[in-house]
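Undergrad: Provided below for reference: sequence and predicted model.
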Amino acid sequence: MDLSFGQDAREYRAEIRRKVAEFLPAHWSGIGAVPASERAAFIERWRGFLIENGLIAMHWPKEFGGAGLSSLEQTIVNEEFTLAGIPLLLTDNDASGFQLMANTLLVHGTDEQRQYFLPRILSGEHLWCQGFSEPGSGSDLASVSTTARLEDGNWVINGQKIWTSAGHLANWMFVLVRTNPDVAKHRGLTMLLLPMDQPGVTVRPIRQINGNAEFNEVFFDDATTPEDHVIGQVDGGWSVAMTILGLERGENATAMLLRFEAEFERFVELVQRLGRDRDPYVRVGLAEAYLKLRKLRGLSLRAMSSFINGEDLGADAAPVKLAWSEYWQDLTDLALDVLGPEAVLPTDHRPSGADGPDLPGSPNDSGSWVGTWLNSRAATIYSGTSEIQRNIIGERILKLPK
Amino acid sequence: MDFSPTAEQRDLTRNVRSALSGLGGVERARTAFESDPSSAEPIWTSLAVDMGLVGLAADEEAGGAGFLPIELCMVHEELGRHLAPVALLTTVVTTRLLSLCAADPVRDRLLADTIEGRLRLTELLSARIPQPDLTVTRGDDGRCVVSGTLDGIWHADTINGVVMDADIDGAPVLLHLPITPDTTTRQPTALDLTRLTGRVQLDRVEAHELQPRIDLDALRAHITMLARLLLASEQLGVAAASIDAGAEWARNREQFGRPIGSFQAIKHRLVDAYNDTEAARTLVYLAAWSASQDAPSLEADVDEALLAANDAATRSAGAALQVHGGIGFTWEHQSHLYLRRSRANSLTHSTRASHLERIAARILDREK
């Protein structure tokens, strides 16, 4: 057991920090302080910085255009970017493209698939989304009923997906479909790669409780994709899906933690600015939230340790997800109590996405906290509901029966 | 950054665990409080004499193995897992205390004897229980004499001495007083049955004056830190043993034609206990690391680790009892022994409310 970073890691961190500081403009306080109209331009300049410094697609091997960083280096870069208030993902499709799709190709893809798709993810030409959930298949993923049949060298796809994050911005989808209805439900599934810009694909955004439309319904009406656009084996899609769902390996565990730690600092600032720091209810609530944050820190550091030492995180990812999603709801709920009546008529500022705390540098106001409070409700549902996470822990770690 | 134990640390845990389970585990603790206190003696011999675990508390120049907080936490996790009814925690903490005192013949002998497992000691500096009924005076010969009653002393009937501080005419002193078995009586009403708690009657006991090598307040802070850290580790073991027992029962007990562990109401209750425990474990070992580095955040780290471990242990022991149903409420079953230990431990150094208030004060009052 050694719970510190070595000298090499400290030097690498210092080097990354120096490069980031040289890039960022004076008085930088985080992406949230950049006017919305200027954010896209900033992100493009940042992309240039990443390419110039060999930091784009940091987990991909160099032969595919990635940075080929070690796990420890990835962790440090993610932490430093997060501390600087810069988002780790450049577009809303990067989680599906750079991470899920690319990692899956690296595990299950053919050489041809890697050579064709990876450079196009890198250039931004292909923007990916994930087609898993259906109206009738949420937590029970193996029950998907969207079908695909082979016809003249093409797969012909019919059915519907739902909760497709950033589907309205994507031009490619990896989609789990049923290719054999006559076998047990886990055995008849296939993972197809589908171009979305075709008449057989209709995307309809779904408005969420925060007013945004970040996810979508996607309808397939004789949509087609070439026969070789299969990842893994035909009828072997379940194991590919399991790979994708198991891709949480801990590289972002501490970066996510740093976002929550920065958010907690904002919360403390709010409490003090509103003069609520002598209120016994607020003090107890704040201390309870902080204890949960510290527990999240411990779990995140341990997940990071597994990641950098090449251990499989496996079911240990579930406690981290549960810890942050439930902590986040508690903290934002307490923030509303701190705001009091102000939260009933908040400012017009709204957080941009539901993936975590409001952007660093955003105004620390009622609009930010009310929006974050709403967003936090999604966190115990997406990426496996809290109930499913508890089942995973109960069954895989505590060996309790299904 | 690596949370995995080294091969040596793994061996240490395995050896302590197999020694304790080989001696009957928690059932030996039951025998010790119900009928035969001497049945705990082989545990002491195994851990303190044969394995020399007390030496983990003292630096090499004091005759120990080097102060190793991480290893001590691993050992105490196992003690908690088996509710081992021996005075190891208090002896370890007091040994650490003695190692931070200046050498003199009495201190040197005490230190050597505890490290070899010949003596068992406790201390009052970490203030587990207030001792209002004590008078300390200095006689004409300059020696300190102590009279009164010590209440709630863990393993009082096997303790050989107590280290305490006192104030004589405005001057702080640090004292060691010897204890003999004939001055102790068991206090059977103690909430924690397996801790074998007792009262010590002191009638003009001549004390030896120790000279701390560091400021007395700093010494107290260090000793309190260590006592809390080891108690937190013990709570991890209490929690883990409870979850193991609850999960095993839930896998095997059938109702409505299914193992009850397949019901989410049961499963999720155990999972919540498990998650609390794993999170607490990371905090305990991060705090142990801080102790090994003497980090500036040490006091806060230990404070938070103990709170998290208290929560994990009380929740886990409660969940295990509930999952067992009626069996869990019987005297014969082990559930109440863990429930009692978890709750008594959780009240030993600080209430939950004061824990939370300290956290709030560290965050909100830091600039004032």
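TA: It's in.
Undergrad: which residues touch the helix or strand containing B:Leu337?
TA: Secondary structure from DSSP states H and E places B:Leu337 in helix B:335-346. The contact list for helix B:335-346 (C-beta atoms under 8 Å, 6 or more residues apart in numbering or on different chains) reads B:26, B:29-30, B:80, B:83, B:190-195, B:231, B:234-235, B:238-239, B:241-242, B:245, B:310-311, B:313-314, B:316-318, B:320-321, B:324, B:328-329, B:352. C-betas here are computed from N, CA, C, even on glycine.
Undergrad: please identify the residues of the stretch 151-300 of chain B in proximity to chain A?
TA: The stretch 151-300 of chain B comes close to chain A at residues B:243, B:247, B:250-251, B:258-259, B:261-262, B:264, B:266-268, B:270-272, B:274-276, B:278-283, B:285-286, B:289, B:293, as judged by C-beta under 8 Å from any C-beta of the partner chain.
Undergrad: the residues you listed in helices, which ones?
TA: Taking DSSP state H, the ones among these that sit in helices are B:243, B:247, B:250-251, B:264, B:266-268, B:270-272, B:274-276, B:278-283, B:285-286, B:289, B:293.
Undergrad: just the buried ones from the residues of the stretch 151-300 of chain B next to chain A?
TA: B:243, B:247, B:250-251, B:259, B:261-262, B:266-268, B:270-272, B:274-276, B:278-283, B:285-286, B:289 (16 or more other C-beta atoms under 10 Å in any protein chain shown).
Undergrad: about what we covered before: so for the helix holding B:Leu337, what gets flagged as buried?
TA: B:335-346.
Undergrad: dump those residues to a markdown table, plus pLDDT.
TA: Output for these, formatted as a markdown table (pLDDT from 0 to 100):
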| residue | pLDDT |
| --- | --- |
| B:Ser335 | 98 |
| B:His336 | 98 |
| B:Leu337 | 98 |
| B:Tyr338 | 98 |
| B:Leu339 | 98 |
| B:Arg340 | 98 |
| B:Arg341 | 98 |
| B:Ser342 | 98 |
| B:Arg343 | 98 |
| B:Ala344 | 97 |
| B:Asn345 | 97 |
| B:Ser346 | 97 |
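Undergrad: and those, which is closest to chain A?
TA: Proximity of the buried residues of helix B:335-346 to chain A (C-beta to the nearest C-beta) peaks at B:Ser346, which lies at 13.9 Å.
Undergrad: in the host helix or strand of A:Val203, what counts as buried?
TA: Assigned by DSSP H and E, A:Val203 belongs to strand A:201-206. For strand A:201-206, burial by neighbour count (16+ other C-beta under 10 Å) applies to A:201, A:203.
Undergrad: next one: stretch A:132-140
TA: So for stretch A:132-140, counting by 16+ other C-beta under 10 Å, buried means A:132-134, A:137.
Undergrad: so how far is that stretch from its chain's centroid?
TA: Distance of stretch A:132-140 from the chain centroid (C-alpha atoms, centre = their mean, to the nearest Å) equals 19 Å.
Undergrad: do the same with stretch A:240-247
TA: 14 Å.
Undergrad: how about stretch B:17-35?
TA: Counting by C-alpha atoms, centre = their mean, stretch B:17-35 comes out at 17 Å from the chain centroid.
Undergrad: got a list of contacts for that stretch?
TA: So stretch B:17-35 is in contact with B:39-40, B:42-43, B:46-47, B:51, B:78-79, B:81-85, B:193-194, B:196, B:241, B:334, B:337, going by C-beta under 8 Å, 6+ apart.
Undergrad: let's see it at 7 Å
TA: With contact meaning C-beta atoms under 7 Å, 6 or more residues apart in numbering or on different chains, stretch B:17-35 is reached by B:39-40, B:42-43, B:46-47, B:78, B:82-85, B:193-194, B:196, B:334, B:337.
Undergrad: strands of the chain, start to end?
TA: In the absence of a named chain, chain A is used. Along chain A, the segments classed as strands by DSSP state E run A:128-131, A:147-151, A:154-165, A:172-178, A:189-195, A:201-206, A:215-226, A:230-231.
Undergrad: chain B was what I was after
TA: B:121-123, B:134-138, B:144-154, B:161-168, B:171-178, B:184-186, B:197-210, B:254-255, B:258-259.
Undergrad: the first one pairs with which strands, parallel or anti?
TA: The one in question is strand B:121-123. When sheet partners are counted by DSSP bridges, strand B:121-123 sits next to strand B:161-168 (parallel).
Undergrad: export the strand it pairs with as CSV, just CAs?
TA: Provided in CSV are the C-alpha atoms of strand B:161-168 (Å, rounded to 0.1, in the frame of the first residue of the first chain):
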residue,chain,number,x,y,z
GLY,B,161,-0.9,-0.7,34.4
VAL,B,162,-2.4,2.6,33.4
VAL,B,163,-0.8,5.7,32.0
MET,B,164,-2.6,8.9,32.8
ASP,B,165,-1.9,12.6,33.0
ALA,B,166,-2.8,14.8,35.9
ASP,B,167,-2.4,18.3,37.2
ILE,B,168,-0.6,18.8,40.4
